[in-house]
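# one predicted model, sequence on top.
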Amino acid sequence: MITLELNGKQQIVPPGSAVTDLLSIIGSVDNNVAVVINDRIIRPDKRSTHQLQEGDRVEILIFAGGG
Amino acid sequence: MDYLQLGSYTFSSRLILGTGKFSNATVMLEAVRASGAQLVTVALRRFNREQLADDLFSPLRALPGITLMPNTSGASTAAEAVRAAQIARELSGSPFIKVEIHPNPQHLMPDPIETFEACRILAKEGFLVMPYIAADPVLAKRLEEVGCTSVMPLGSAIGSGQGLATAEMLNIIIRESNIPVIVDAGLRSPSEAALAMEMGCGAVLVNSAIAVSDNPPAMAGAFAGAVDAGRKAFKAGLMPKSSFAIATSPLTAFLGAKV
């Protein structure tokens, strides 16, 4: 298993996991979120091939209510 | 038709709706529909699997004719706001960004220096930049000069319901601006929105006044009517003010008058 920092908290995923695997583990809908890994935006078309690495800082963001 | 032009976008509605503070997403969506708003704001936040209802993207996207304007709330520096804008654009696909940088949660007043710097960068990157600012005519002009699409001066503090406390400054900004001036923050009642439009604002942005009312969809409809009335009055041209009475009926030839 590898350990990531996901939205500021520790998250464990199997080695070789892609971003899309992480999204399904945490139960988010792929095209409703923005994904930023180590300050780089990962676009939807790259998420199934982008493999997560030990220590990656992952931010998954949504649109919430705001004025 | 009298359209609001923002960049290459045209809107028939001049009421921009904020989506914060609603009791739930269903009420918010009903309010959006009732308001007739075509531009609505959203905030970028971390995904939380315990609070899936926070995600407003799917329901808003399902509404026809809605363009999203993400805000940069939470940013306290220009660099943070630019980063938030870039991520928000990836997600929304919309070029609109409401630049909102307020470092002090006690008063939520926008930081003019960081806001200016963020707007300068984002305008160069092709965003349609809509900065939330204090009602400062000099800053408003500087933001216009660096390519902002509109300026959004506050009527009063966010969520305060103090109305158009900055009216004197707003009048100067409206007079000097070549881009739409949108009053953002502080409005409490539809009559204040109408007044802002009569003063010559291009639009108003309303959130708390609708979201925390007893009946948000009904209040959204009331604001829509007021914005429309105020705009029509502005276009029609208000009569001049006078410090003395000017009779509407003839003061001569009354029944029985001596001639």
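Structure's in. What do you need? Small disclaimer: the values here were computed from a predicted structure and weren't measured.

# so what's A:Val33 closest to, chain neighbours aside?
Excluding the flanking residues, the one nearest A:Val33 by C-beta to C-beta, 6 or more residues apart in numbering or on different chains is A:Ile60, at 5.2 Å. C-betas here are computed from N, CA, C, even on glycine.

# just read off the phi/psi values of B:Gln162.
Here is the backbone geometry of B:Gln162 (degrees, to the nearest 10): phi -90, psi 0.

# how about A:Arg43?
phi -70, psi 160.

# and the residue nearest to A:Val33, what does it touch?
Going by C-beta atoms under 8 Å, 6 or more residues apart in numbering or on different chains, A:Ile60 touches A:6-7, A:23, A:26, A:28, A:33-36, B:46-47.

# highest neighbour count among those?
Within these, A:Val35 tops the neighbour count with 26 neighbours, counted by other C-beta atoms under 10 Å in any protein chain shown.

# quick check: B:Ala37 is in a strand.
No: under DSSP: H, G, I helix; E, B strand; the rest coil, B:Ala37 sits outside any strand and is assigned coil.

# and the gap between the closest residue to chain A within the stretch 151-259 of chain B and B:Ser160?
Per C-beta to the nearest C-beta, B:Asn207 is where the stretch 151-259 of chain B lies closest to chain A, at 3.4 Å. Using C-beta to C-beta, to the nearest Å, B:Asn207 is found at 12 Å from B:Ser160.

# neighbour count winner among the two?
Ranked by neighbour count (other C-beta under 10 Å), B:Asn207 and B:Ser160 place B:Asn207 first, with 25 against 17.

# redo the contacts of A:Ile60 as CSV? Include distance to B:Leu15.
Formatted as CSV, the contacts of A:Ile60 follow (distance: C-beta to C-beta, whole Å):
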residue, distance to B:Leu15
A:Leu6, 38
A:Asn7, 34
A:Leu23, 35
A:Ile26, 36
A:Ser28, 32
A:Val33, 29
A:Ala34, 28
A:Val35, 33
A:Val36, 33
B:Arg46, 30
B:Phe47, 30
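
# quick check, nearest of those to B:Phe11?
Of all these, B:Phe11 sits closest to A:Ala34, with 25.3 Å by C-beta to C-beta.

# pLDDT at the closest one, what is it?
The score at A:Ala34 is 94. That number is its pLDDT.

# hmm, B:Gln86 and it touching each other?
No: at 9.5 Å, A:Ala34 does not count as touching B:Gln86 under the criterion of C-beta atoms under 8 Å.

# shared neighbours, the two?
A:Ile41.

# which residue ranges of the stretch 51-200 of chain B form helices?
B:57-62, B:78-92, B:112-124, B:137-145, B:167-176, B:190-199 (DSSP state H, counting those that start in this stretch).

# of the ones you listed, which stretch is the most buried?
helix B:190-199 (a mean of 23; mean count of other C-beta atoms under 10 Å in any protein chain shown).

# now that helix and helix B:167-176, what's the angle there?
Between the axes of helix B:190-199 and helix B:167-176, defined by axes from the mean of the first three to the mean of the last three C-alpha atoms, to 10 degrees, the angle is 40 degrees.

# after helix B:190-199 comes which helix or strand?
strand B:203-206 (DSSP states H and E).

# partner strands of that following strand, with direction?
If you go by DSSP bridges, strand B:203-206 pairs up with strand B:15-18 (parallel), strand B:182-184 (parallel).

# which parts of the strand ranked longest in chain A are buried?
When chain A is parsed with DSSP state E, its longest strand is strand A:57-65. For strand A:57-65, burial by neighbour count (16 or more other C-beta atoms under 10 Å in any protein chain shown) applies to A:58-65.
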